[in-house]
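Engineer: Below are the sequence and a predicted model; questions follow.
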Amino acid sequence: METSLISTELWRNGPQPGSYYNFPGRLDTKPAAQVGASKRTLAPTVTGTSVLGLCFDGGVIIAADMLGSYGSMARYRNLSRVLKVNDTTALGISGDYADFQFMKSIIEQRVIDEECLNDGFQYTPKSLFSWMTRVLYNRRSNFNPLWNTFVVGGLQDGEPFLGYIDKIGIAFNDPTIACGFGAYLAVPLLRDAYEANPKMSLAEAEKKIDECMKVLYYRDARSLNKYEVVIITKDGTMVKSPIVSETNWEVAHMIKGYE
């Protein structure tokens with residue numbers, strides 16, 4: 001009899017369709033407005049494609065085109081996907097643009113906090129890279145990843161540094177880095193150039209980056225021939241934008257069989 005009464009009391013006026021029953025005595029009961037599916041990025045909406053990074057003699061260059069694709073639509077043609085963090089550090093992103101804006105706001109606030117302390121310390125490329133690996137791996141471990149790949153670069157102790165971090169926390173550093181479609185098409189070109197001339201000048205690095213961006217524009221349906229670069233040297237961090245690659249489609253009529 002006692003069991004029957006408890007059962008009746010427990011399930012009286014049960015939950016509405018799509019909601020949960022609030023068990024008596026629970027301390028973690030949520031208001032009705034918060035009950036339901038978790039609000040998180042399940043799939044990217046507006047996305048950016050490749051980011052390229054290359055070390056040269058005395059600095060680092062990072063490049064990303066300015067297209068924001070809404071699915072397969074070339075919707076936004078003036079999106080910045082590089083970020084100057086300070087005079088020694090910068091980054092570029094591919095993937096979901098909203099998640100990048102979220103991460104960008106956090107980084108910018110942390111930079112302001114560091115400046116307010118005025119203790120002589122600021123983000124270095126290696127420290128930002130290390131912190132971001134922890135953030136992205138933590139989000140992945142909570143099944144709520146940021147749908148981005150980040151390329152972090154800069155100068156530390158006079159030496160160029162380039163690091164790669166993706167949405168599941170995989171991280172490594174290398175003098176030539178590319179993500180997105182560039183990981184397949186641009187990395188071989190960048191590696192060949194760097195191995196042939198590891199002490200290349202800034203002008204040579206810019207020329208190689210432009211060549212790679214042209215190849216990506218020809219081959220990647222989600223890219224644009226307008227891009228921007230961020231250059232980090234001992235003189236500081238400079239963003240050059242926009243740069244428009246000169247393209248040549250004279251041979252397009254000869255390519256057949258892919259219709």
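Structural biologist: That came through fine.

Engineer: List the contacts of Lys226.
Structural biologist: Neighbouring residues of Lys226 by C-beta atoms under 8 Å, 6 or more residues apart in numbering: Asp65, Met66, Leu67, Arg77, Pro242, Ile243, Val244, Ser245. No exception for glycine: its C-beta is placed from N, CA and C like everyone else's.

Engineer: measure the first one to Pro198 for me?
Structural biologist: In this view, Asp65 and Pro198 are 26 Å apart by C-beta to C-beta, to the nearest Å.

Engineer: which of these two has more neighbours?
Structural biologist: Just comparing Asp65 and Pro198: by other C-beta atoms under 10 Å the higher neighbour count belongs to Asp65, 30 against 11.

Engineer: So the more buried one sits against Gly48, correct?
Structural biologist: Yes: counting by C-beta atoms under 8 Å, Asp65 touches Gly48, with 7.4 Å between them.

Engineer: so what sits against both of those two?
Structural biologist: Common contacts of Asp65 and Gly48 (C-beta under 8 Å, 6+ apart): Arg81.

Engineer: Show residues contacting the helix ranked longest in the chain.
Structural biologist: Secondary structure assigned by DSSP state H gives helix 97-117 as the longest helix of the chain. In this structure, residues lying in contact with helix 97-117 by C-beta under 8 Å, 6+ apart are 41, 44-48, 68, 79, 81, 83, 85-86, 93, 121-123, 128, 135, 146-148, 150.

Engineer: Among the contacts of Lys226, which are located in strands?
Structural biologist: Within these, residues falling in strands by DSSP state E are Asp65, Pro242, Ile243, Val244.

Engineer: Just give the nearest non-adjacent residue to the second one, would you?
Structural biologist: By that I understand Pro242. Distances taken as C-beta to C-beta, 6 or more residues apart in numbering place Lys226 nearest to Pro242, at 4.8 Å, with adjacent residues excluded.

Engineer: in the protein, which segments are predicted with low confidence?
Structural biologist: Counting by pLDDT under 70, the chain shows low-confidence ranges at 1-39, 258-259.

Engineer: what about 90?
Structural biologist: For the chain, applying pLDDT under 90 flags the ranges 1-45, 71-72, 114-115, 117-123, 143, 158, 218-219, 221-222, 241, 245-259.

Engineer: residue ranges of the helices in it, please?
Structural biologist: Taking DSSP H to define them, one finds helices in the chain at 2-11, 97-117, 125-141, 182-196, 202-219.

Engineer: helices or strands next to the fourth one in the packing?
Structural biologist: Using 3 or more C-beta pairs under 8 Å, 6 or more residues apart in numbering; DSSP states H and E as the contact criterion, the elements in contact with helix 182-196 are strand 51-56, strand 176-179, helix 202-219.

Engineer: Which among the helices of the chain is found nearest to Ile165?
Structural biologist: Ranking the helices of the chain by their distance to Ile165 (criterion: C-beta to C-beta) puts helix 125-141 first, at 5.3 Å.

Engineer: In ChimeraX, how would I select just the buried ones from the contacts of Lys226?
Structural biologist: Restricted to buried positions by 16 or more other C-beta atoms under 10 Å, the ChimeraX selection for the contacts of Lys226 reads:
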select :65,66,67,243,245
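
Engineer: Format the contacts of Lys226 as TSV; extra columns: distance to Ser105.
Structural biologist: Putting those into TSV (distance: C-beta to C-beta, whole Å) gives the following:
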residue	distance to Ser105
Asp65	23
Met66	20
Leu67	22
Arg77	23
Pro242	23
Ile243	26
Val244	29
Ser245	31
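
Engineer: Could you point out which of the contacts of Lys226 is nearest to Asp57?
Structural biologist: Using C-beta to C-beta, Ile243 comes nearest to Asp57 of the contacts of Lys226, at 21.1 Å.
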